[in-house]
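> for reference, the sequence and a predicted model appear below.
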Amino acid sequence: LTLLASAVILRRSSKTLFYSSLLAALTNVAIGIDAFLIEPHALQVSRLSLTSPKISQPVRIVLLADMQMKEVGAYERAALRTALEQNPDLILFAGDYLQLTDQDDHARLRKELSEYLSSIHFMARLGVYAVPGNVDPPGWTDIFRPVGATVFPTTKSIEIGELAITGLTLRDSFDAALQIPAAHQRFHIVLGHAPDFALGSIDADLLVAGHTHGGQVVLPLIGPLLTLSAVPKDWASGRTELSRGRTLVVSRGVGME
């Protein structure tokens, strides 16, 4: 509004300043439309392929991070259905499920979300696995109880067929000096909320995380402005090949804060 007012005031005294103010005002309007009307509902599915001699048959993995729900609305339901439509063998949740501070509201929405997951049979052949995020208080595990998901209130490893899955606590996911040993020739997946653990000594094939929201805002040539993570900015989104044949995948997140 200030820029538009400036354009009106300057329209007679300086055409250059008039057009500059008008262009800046219209640019801000376009950014606002994108940020508040388009981006929050523009769900994208990114597909990545990895190969490993440890796997004899293909395994399709779906990663969901940072749902940040304030309601189980149309967008949130569509995101969960979209995950199932990928026909996953394995589903990984990287934390930050409900964005509510009131305990009663949180309990109500936990129940609503768990009932919805149950109603759409949110399951996978090799299971559903979930770790905690920044906004997940005690009780977050209730969300996944009806679908028999494996949750990680503590850091632990589980072996299933040719896979080993290590789920991290919130604190361990932020530990840049974390050490995780190898998993006896199995294809090893380490799941955490924040990607900081990837800076540690992690002996795994696939490291997956969320938290960064892809950098919140990403500018051309500059990249992510805010990752809230210790990892390099170019690790904040998508696939990064690390040393010793390891791959890091960081989700941009389904929701927003």
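Everything's here; your move.
> tell me where the stretch 151-257 of the chain has strands.
Counting by DSSP state E, counting those that start in this stretch, the segments of the stretch 151-257 of the chain that form strands are 156-160, 163-167, 179-180, 187-191, 201-202, 206-209, 218-219, 223-224, 238-241, 247-250.
> of all those strands, which one is nearest Phe93?
If you check each of the strands of the stretch 151-257 of the chain against Phe93 by Cβ to Cβ, strand 187-191 wins as the nearest, at 8.3 Å. Placement of C-beta: from N, CA and C, glycine included.
> didn't Leu199 look like it was pressed against Ala176?
Yes: counting by Cβ atoms under 8 Å, Leu199 touches Ala176, with 4.0 Å between them.
> next one: Leu221, what pLDDT does it get?
On the pLDDT scale, Leu221 is placed at 85.
> could you measure from it over to Asn28?
Applying Cβ to Cβ, to the nearest Å, the value for Leu221 to Asn28 is 20 Å.
> which of those two has more residues huddled nearby?
Asn28 (14 against 4; other Cβ atoms under 10 Å).
> so the more buried one touches Leu4, yeah?
No: counting by Cβ under 8 Å, Asn28 stays clear of Leu4, with 9.4 Å between them.
> related to what we said a few turns ago, adding mean neighbour count and distance to Tyr75, write the strands of the stretch 151-257 of the chain out as CSV.
Listed next are the strands of the stretch 151-257 of the chain as CSV, based on neighbours: other Cβ atoms under 10 Å; distance: least, Cβ to Cβ, whole Å:
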stretch, mean neighbour count, distance to Tyr75
strand 156-160, 14, 31
strand 163-167, 24, 27
strand 179-180, 15, 34
strand 187-191, 25, 24
strand 201-202, 16, 33
strand 206-209, 25, 22
strand 218-219, 12, 21
strand 223-224, 18, 23
strand 238-241, 13, 22
strand 247-250, 22, 21
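> nearest to Phe36, out of the ones you listed?
Using Cβ to Cβ, the nearest of those to Phe36 is strand 218-219, at 16.8 Å.
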